[in-house]
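>>> Pasting the sequence and the predicted coordinates here, then a few questions.
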Amino acid sequence: MCQRQLESEVLMETIWTLIFIGYAIGFVIIAYFGISGTNDIINFKNEQYRQEQLTKSFERNKNHE
């Protein structure tokens, strides 16, 4: 009985360790995609703003000719 109980405790410890590792890997993956996605959106919006400013500048220069 004691041996069986020890095996059960080792199995539970292994299961908890695997669950923790799985959650840690999942968290790292979600954090990576969250940060990279946010950076992509910021870069896209910055480029969009630059293009709008450039278009406005061209229109102003075109109207002054």
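Perfect, I can see it now.

>>> Could you list the low-confidence segments of the chain?
By pLDDT under 70, the weakly predicted segments of the chain are 1, 65.

>>> again, only using 90
Residue ranges of the chain with pLDDT under 90: 1-8, 60-65.

>>> In it, what residue spans correspond to helices?
With DSSP state H as the criterion, the chain has helices at 2-64.

>>> For Leu18, the count of nearby residues, please.
Neighbourhood size, Leu18 [other CB atoms under 10 Å]: 10. The C-beta positions use only the backbone N, C-alpha and C, and glycine is treated the same way.

>>> Also Ala24?
Each residue near Ala24 was counted by other CB under 10 Å, and the total is 10.

>>> That one and Leu18: what is the separation?
Applying CB to CB, to the nearest Å, the value for Ala24 to Leu18 is 11 Å.

>>> before we move on, what about Phe27?
Taking CB to CB, one finds Phe27 at 15 Å from Leu18.

>>> go on, Ile30?
Ile30 is 19 Å from Leu18, by CB to CB.

>>> Same check on Cys2?
Taking CB to CB, one finds Cys2 at 25 Å from Leu18.

>>> what do you get for Ile25?
The value you get for Ile25 to Leu18, if CB to CB is used, is 11 Å.

>>> now do Phe44
Taking CB to CB, one finds Phe44 at 39 Å from Leu18.

>>> can you check Ser8 too?
Ser8 is 16 Å from Leu18, by CB to CB.

>>> Check Ile35 too.
Taken as CB to CB, the span from Ile35 to Leu18 is 26 Å.
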